[in-house]
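1. Have a look at this fold, sequence not included:
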């Protein structure tokens, strides 16, 4: 009797999760006859965030990139203004300020995790410094008390890049609620998604009115629809940062299931951690380090190899087993666009994470059998290396 062929395992890096109500709510938005934005579902999403996390004002945007660009306009970045941020981050963090003429001053990451090294910040401040942009990598909080203290001492703005940080906390404070402004992402790789999409959080009340204007192409259209003015016009600079009701309807279906989604993601994170812990004990790799002051929102699971070759070989090994893993950022201070603008400082930790960090498949529908398979293949890889 012939043996049945084995089913080919194919595990993607990411798979968008649908709760089941996304299309239903989109149909409702269409039936209401307003799909251009700031309708019922946009209001529902904004209210959810303001109520649950205490954000003073939550404004949906078409992306986290747009939210960051709005933040740069709000703090009035001008040519020559300096903005401190980690080199180990996505290009949007820097682009938002470069587009306004700002000069990026890159900080190194911590040795413990890819977050910005808060102890290095004060030495980077000059009379031209205007803002600090901490990036909460993997949804793990930066040392915000220290960062806010430095900012207050020197009269600087703090803009949290909280792209990966929904439902994550620093000492019981929700990430995104601490800085003057914050930006979130709902890209399909995030915990809560809308395909593309983002949100600007305004915690400093002096920015609320202007944020609404910038988001509506520089007009006071939002005030007009609330009946606060009898007509609206062009009153400031701005752009089309407002998402459609289609995006907001999709997002609200996700928000209704936030606890369920977070519970499953935490189960996946813990399964990876427990499965790979023995390799860390043997000194073969490093697992994520979460400080006492930070919560874990299970945005991703990454591990740190010992060098670039080992990282590349591990990714290739898993690819041959039809498991897609990826590395993450390349240090921005060494990027083709900005390397000649960097001041030449060595950012050792940022470069290290660029070389050794690998992200494992992480999505709601990843099964326990999938996780066991991935863990076993990672163990097989290191077993083969130690036997050579």
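-> Sure thing, it's come through. Treat the numbers as computed from the prediction; the structure is a model and nothing was measured.
2. How about stretch 188-208, which residues are buried there?
-> The neighbour-count criterion (16 or more other CB atoms under 10 Å) identifies 189-194, 196-204, 207 as the buried residues of stretch 188-208. The way it works is simple: take the backbone N, C-alpha and C, and place the C-beta from them, glycine included.
3. Next: stretch 132-150.
-> 132-144, 147-148, 150.
4. which outside residues touch the helix or strand hosting residue 269?
-> According to DSSP states H and E, residue 269 maps onto helix 258-281. For helix 258-281, contacts defined as CB atoms under 8 Å, 6 or more residues apart in numbering pick out 17, 19, 166-167, 191-192, 254, 285-288, 296-299, 301, 303, 360, 362, 364, 366, 368, 371-372, 374-375, 378-379, 382.
5. Okay, buried residues for it please.
-> For helix 258-281, by 16+ other CB under 10 Å, it's 258, 261-262, 264-265, 268-269, 271-273, 275-276, 279.
6. Now name the helix or strand holding residue 184.
-> Going by DSSP H and E, residue 184 is part of strand 181-185.
7. Would you mind pulling the contact partners of that strand?
-> Identification of contacts with strand 181-185 by CB under 8 Å, 6+ apart yields 55, 63-64, 67-68, 71, 74-75, 157-166, 175-176, 197-204, 207.
8. How far away from the center of its chain is it?
-> 8 Å (CA atoms, centre = their mean, to the nearest Å).
9. now swap in stretch 219-238 and tell me
-> Its chain's C-alpha centre and that of stretch 219-238 lie 31 Å apart, by CA atoms, centre = their mean.
10. picking that back up, mind giving me the packing neighbours of whichever helix or strand comes after the strand holding residue 184?
-> Counting by DSSP H and E, the next helix or strand C-terminal to strand 181-185 is strand 198-202. Judged by 3 or more CB pairs under 8 Å, 6 or more residues apart in numbering; DSSP states H and E, strand 198-202 is in contact with strand 57-61, helix 64-74, strand 181-185, helix 208-215.
11. relative to helix 64-74, how tilted is strand 198-202?
-> Angle, strand 198-202 to helix 64-74, by axes from the mean of the first three to the mean of the last three CA atoms, to 10 degrees: 30 degrees.
12. What strand or helix carries residue 17?
-> Using DSSP H and E, no helix or strand contains residue 17.
13. In this structure it contacts residue 366, no?
-> No: if you go by CB atoms under 8 Å, residue 17 and residue 366 don't touch, sitting 9.8 Å apart.
14. the more surrounded of the two?
-> Neighbour count, other CB atoms under 10 Å: between residue 17 and residue 366, residue 366 has more, with 23 against 19.
15. between the buried residues of stretch 132-150, which is nearest residue 94?
-> residue 133 (8.6 Å; CB to CB).
16. ranges for the helices of the stretch 51-200 of the chain?
-> 64-74, 91-98, 144-154 (DSSP state H, counting those that start in this stretch).
17. Quick one: list the elements packing against the second one.
-> Contacts defined by 3+ CB pairs under 8 Å, 6+ apart place helix 91-98 against helix 64-74, strand 82-86, strand 103-107.
18. Give me the helices and strands touching the longest one, please.
-> Read it as helix 64-74. strand 57-61, helix 91-98, strand 157-161, strand 181-185, strand 198-202, helix 208-215.
19. Touching, residue 339 and residue 333? I think so.
-> Yes: between residue 339 and residue 333 there is a contact under CB under 8 Å: 6.8 Å.
20. neighbour-wise, which of these two wins?
-> For residue 339 versus residue 333, neighbours defined as other CB under 10 Å are more numerous around residue 333 (25 against 12).
21. Quick check: of the buried residues of stretch 132-150, which lies closest to residue 40?
-> residue 139 (29.1 Å).
22. surely the closest one meets residue 174?
-> No: between residue 139 and residue 174 there is no contact under CB under 8 Å: 11.4 Å.
23. For these two, list the residues in contact with both.
-> 167, 168.
24. Nearest to residue 97 among the buried residues of stretch 188-208?
-> Comparing those against residue 97 with CB to CB places residue 200 closest, at 14.7 Å.
25. residues contacting that closest one?
-> Shown in contact with residue 200 (CB under 8 Å, 6+ apart): 58-59, 61, 66-67, 70-71, 181-183, 211, 215, 241.
26. swap the cut-off to 7 Å and go again
-> By CB atoms under 7 Å, 6 or more residues apart in numbering, the residues touching residue 200 are 59, 61, 67, 70, 71, 181, 183, 211.
27. likewise residue 245?
-> Residues counted as contacts of residue 245 (CB under 7 Å, 6+ apart) are 29, 34, 35, 36, 37, 39, 41, 42.
28. List only those of the residues you listed flagged as buried.
-> Judged by 16+ other CB under 10 Å, buried ones among the contacts of residue 245: 29, 35, 37, 39, 41, 42.
29. can you put the residues you listed in CSV and add pLDDT and secondary structure?
-> Formatted as CSV, these follow (pLDDT from 0 to 100; DSSP: H, G, I helix; E, B strand; the rest coil):
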residue, pLDDT, secondary structure
29, 97, helix
35, 95, coil
37, 90, coil
39, 95, coil
41, 98, helix
42, 98, helix
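30. and of these, the nearest to residue 49?
-> For those, the minimum distance to residue 49 (CB to CB) is 11.3 Å, reached by residue 42.
31. That closest one reaches residue 60, doesn't it?
-> Yes: the pair residue 42 / residue 60 is scored as a contact, 5.5 Å apart, by CB atoms under 7 Å.
32. residues shared between the contacts of these two?
-> residue 248.
33. show me the residues around residue 299 that make contact.
-> So residue 299 contacts 138, 139, 164, 191 (CB under 7 Å, 6+ apart).
34. Would you format those residues as a markdown table with pLDDT included?
-> Output for the contacts of residue 299, formatted as a markdown table (pLDDT from 0 to 100):
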| residue | pLDDT |
| --- | --- |
| 138 | 98 |
| 139 | 98 |
| 164 | 98 |
| 191 | 98 |
